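Chemist: Build me a model from this:
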Amino acid sequence: MILTGHEDLRVVKTIEGIKKAFEELICEKDYEKITVKELSDRARINKKTFYTYYETLDALLAEMQVELSAGFLERVKDYSLPDDLDIVNREFFLFSAEQGLAYEKITCGGTYRAIRDEMTDQVNDESWSKSKKYKKLTFYEKRMLMEFINNAVLVSYRLWVENGKKCRLRT
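Modeler: Down below sits the predicted model:
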């Protein structure tokens with residue numbers, strides 16, 4: 001449940017507790033091994049309370065994906081692709097460095113490929129759809145370009161994380 005700011009304080013605390021517990025569990029284990037019972041226990045709520053706000057764990061994960069993608073898109077909304085690709089890529093690293101361990105695990109972990117792909121698709125659709133140059137490409141050319149860029153950036157990010165983030169990011 002994405003909060004609007006008009007909810008009762010108890011609802012806000014419950015949602016925040018669910019999300020915090022979920023992020024902790026993502027950091028500890030693969031998504032497929034997380035259960036609603038375990039999440040509810042960690043968040044100190046009843047399973048029924050979880051289902052009041054989320055139909056499934058997948059819905060909670062999808063909401064997390066939307067929030068993360070929206071945060072990055074907000075950060076790069078004023079840049080034009082492909083002209084500002086270097087700046088957008090730098091912003092990806094800066095944005096990623098500001099996120100927590102759960103984001104890192106989702107972005108780097110093999111078991112999170114589906115959600116990572118959804119995040120990437122959402123960002124690509126939003127950011128590249130404004131490009132006149134991109135619109136002129138064939139479907140195949142668009143797909144090749146996106147695969148190349150996405151893989152290059154994600155592999156670079158994974159290597160940066162694996163190396164302990166030793167390369168300093170310039171702002």
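
Chemist: going forward, measure contacts between C-alpha atoms and count neighbours the same way
Modeler: Will do.

Chemist: Flag every buried residue along the helix or strand bottoming out on mean pLDDT in the chain.
Modeler: When the helices and strands of the chain are scored by mean pLDDT, DSSP states H and E, helix 113-128 comes last with a mean of 86. Within helix 113-128, the residues scored as buried using 16 or more other C-alpha atoms under 10 Å are 115-116, 119-120, 122-123, 127-128.

Chemist: now that helix, how far from the chain's geometric center?
Modeler: Put simply, helix 113-128 sits 9 Å off its chain's centre (C-alpha atoms, centre = their mean, to the nearest Å).

Chemist: which residues touch the helix or strand just after it?
Modeler: Next helix or strand after helix 113-128 toward the C-terminus (DSSP states H and E): helix 132-135. The contact list for helix 132-135, computed with C-alpha atoms under 8 Å, 6 or more residues apart in numbering, reads 82, 128-129, 142.

Chemist: ranges for the helices of this protein?
Modeler: In the chain, the helices defined using DSSP state H lie at 9-28, 36-43, 47-53, 57-76, 85-98, 101-108, 113-128, 132-135, 139-162.

Chemist: re the thing from before, mind picking the one among the contacts of helix 132-135 that's closest to residue 25?
Modeler: For the contacts of helix 132-135, the minimum distance to residue 25 (C-alpha to C-alpha) is 33.3 Å, reached by residue 128.

Chemist: From residue 167, how far off is the closest one?
Modeler: 28 Å (C-alpha to C-alpha, to the nearest Å).
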